[in-house]
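1. One predicted model, sequence on top.
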Amino acid sequence: MSGSLPAAAVVELLGVSARYSWDGPWVLRDVDVRVAACSLVRLRGPNGSGKSTLLRLLAGATLPTRGRRTTARALAVGYAPDHLAPPPPFSASDFLRHHARLRGCSRSDGEIRVRALADRLAATGLLSERLHALSSGSLRKVVLIQALLGNPRLLVLDEPFNGLDRAAQDELVEILDERRAAGAAIVLSDHRAIDAPIADVTWQLDGRPSASGSRCA
């Protein structure tokens, strides 16, 4: 739902709890978090701690069992899940062209944006390939391009560096730094030990996020 948020806020979860069946275990309980524009939030936590669920809630891909999600008005979200399973039987270019249209891009503008992002992530050669035939790292690049199309104000990325070669990881860091500087809010999970990109705040997750670091004003 859209609603009244502080000027710098993009998305907020208040009193949010989540589980996947009416009698199943709680994955997250009593979560209160807010993400500001021009900030990068990094999620850390062991497997099963609820990182992917929290990302889906922030992106609006999953509804909370309890509590509410509030967003800035007309919020455009780019979401890259950890897995795209099963991959649809399209070529990468058809898949990305479709998502460019969903983001309001004209055909020509969509082609330009797809090509520019594919060039930066060394994915141009993947565009003619069928998604189901791609390796996990190649599919990751396509899913990331999909999330980045249309310059969304909120980027939610689940383990975006998984399966990427080092050059593509470095390029993605640059892209995210550019998007953050342009005003986007970014939330990502990242299990790697290195600290790039530099986060404004880190949420350590184990059923409920606890924050460390400072938020971007």
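-> Looks like it arrived, so ask away. Numbering: from 1, shown residues only.
2. Would you quantify the distance from residue 108 to residue 100?
-> As defined by CB to CB, to the nearest Å, residue 108 lies at a distance of 10 Å from residue 100. Yep, even glycine has a C-beta here, placed from its N, CA and C like the rest.
3. which one of the two has more residues nearby?
-> Counting neighbours by other CB atoms under 10 Å for residue 108 and for residue 100 shows that residue 100 has the greater number, 22 against 8.
4. quick one: the more buried one is in a helix?
-> Yes. Applying DSSP: H, G, I helix; E, B strand; the rest coil, one finds residue 100 inside a helix.
5. How about the contacts made by it?
-> 109-111, 113-114, 149-150 (CB atoms under 8 Å, 6 or more residues apart in numbering).
6. Quick check, pLDDT for it.
-> As predicted, residue 100 sits at a pLDDT of 94.
7. and the gap between it and residue 179?
-> In terms of CB to CB, residue 100 sits 17 Å off from residue 179.
8. Which residue comes closest to residue 61 once chain neighbours are left out?
-> Excluding the flanking residues, the one nearest residue 61 by CB to CB, 6 or more residues apart in numbering is residue 79, at 6.0 Å.
9. What is the burial count for that neighbour?
-> As a burial measure, residue 79 scores 20 neighbours (other CB under 10 Å).
10. can you tell me which of the contacts of residue 100 are in helices?
-> Judged by DSSP state H, helices contain the following of the contacts of residue 100: 109-111, 113-114.
11. Please identify, among these, the one with the most neighbours.
-> Greatest neighbour count in those, by other CB under 10 Å, goes to residue 114: 26 neighbours.
12. What segments of the protein are strands?
-> Remark: strands assigned in the chain by DSSP state E are 9-18, 28-36, 39-44, 66-71, 77-80, 154-158, 185-189, 201-205, 209-213.
13. Same list, the ones you listed, but as a markdown table with distance to residue 141 and mean pLDDT please.
-> Formatted as a markdown table, the strands of the chain follow (distance: least, CB to CB, whole Å; pLDDT from 0 to 100):
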| stretch | distance to residue 141 | mean pLDDT |
| --- | --- | --- |
| strand 9-18 | 25 | 94 |
| strand 28-36 | 25 | 93 |
| strand 39-44 | 20 | 92 |
| strand 66-71 | 27 | 95 |
| strand 77-80 | 10 | 97 |
| strand 154-158 | 12 | 97 |
| strand 185-189 | 15 | 96 |
| strand 201-205 | 25 | 87 |
| strand 209-213 | 28 | 54 |
